[in-house]
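Asker: Quick one: sequence plus predicted model below, questions after.
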Amino acid sequence: AQKVTQAQTEISVVEKEDVTLDCVYETRDTTYYLFWYKQPPSGELVFLIRRNSFDEQNEISGRYSWNFQKSTSSFNFTITASQVVDSAVYFCALRAYNTDKLIFGTGTRLQVFP
Amino acid sequence: NAGVTQTPKFQVLKTGQSMTLQCAQDMNHEYMSWYRQDPGMGLRLIHYSVGAGITDQGEVPNGYNVSRSTTEDFPLRLLSAAPSQTSVYFCASSSVRVNTEAFFGQGTRLTVV
């Protein structure tokens, strides 16, 4: 069975702090994709990143970075120097190869205080 | 490009009423899906479609019907609304053929009283 666990329900930080959001997944598939989506207070879902199971290279995009480790089935997301605009719910999701079905974690609510 | 368009954005229904949530995409994606989002539970798949004329059940299909007569449209029908269907509904589309991520609509906040 496929499963995504985001154990951190809510995280609060002060602006400029670094914060890491954890994501652990379970799958028996050898080929799969992992995603992070952001849901700001306005409610829409914003795509952040996709990583396929063959590519364990870490990714950095501005203040965002992602650490994918197949050995621990984790795909963690770090925000460096957090800003108030980063306040949102962040979802990690898993998708098997050649399908559209996404398995979402329960989300982590990040609050960044000024 | 409009992307994925959902209507309405908000809806209040009385128990037992029926309604259809509309979803349309203009990206020629073969896959379309409906998810519901409930507090503390993330998003869960209701129904999905891999192309016109083909639909299948997701994790939480009970109480919902779908059909896919065209590539562009994927409406979600509630035949007899129940308070347990109070939720935020998201429609998504993607193309496995060209390996895109899922594009989501703006969401529909449904309250059943």
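Answerer: Thanks, I have the structure now. Residues are numbered from 1 along each chain as shown, chains lettered A, B, ... in the order given.
Asker: Do you have the strands of the chain handy? List them.
Answerer: Assuming you mean chain A. A:3-5, A:10-14, A:19-21, A:24-26, A:32-39, A:46-52, A:59-61, A:64-69, A:74-79, A:88-96, A:102-104, A:108-113 (DSSP state E).
Asker: my question was about chain B
Answerer: B:4-7, B:10-13, B:19-25, B:31-38, B:42-51, B:54-57, B:64-66, B:76-78, B:87-94, B:103-104, B:108-112.
Asker: Mind listing the strands the second one pairs with, and their directions?
Answerer: Looking back up the chat, that one is strand B:10-13. Paired neighbours of strand B:10-13 in the sheet (DSSP bridges): strand B:108-112 (parallel).
Asker: Output the partner strand as PDB, nothing but the C-alphas.
Answerer: The C-alpha trace of strand B:108-112 is given here as PDB (Å, rounded to 0.1, in the frame of the first residue of the first chain):
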ATOM      1  CA  THR B 108     -15.200  24.500  -4.200                       C
ATOM      2  CA  ARG B 109     -16.100  25.000  -0.500                       C
ATOM      3  CA  LEU B 110     -19.300  23.000   0.000                       C
ATOM      4  CA  THR B 111     -21.400  23.100   3.200                       C
ATOM      5  CA  VAL B 112     -24.300  20.700   3.700                       C
END
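Asker: could you give me the average pLDDT of that strand?
Answerer: Average pLDDT, strand B:108-112: 97.
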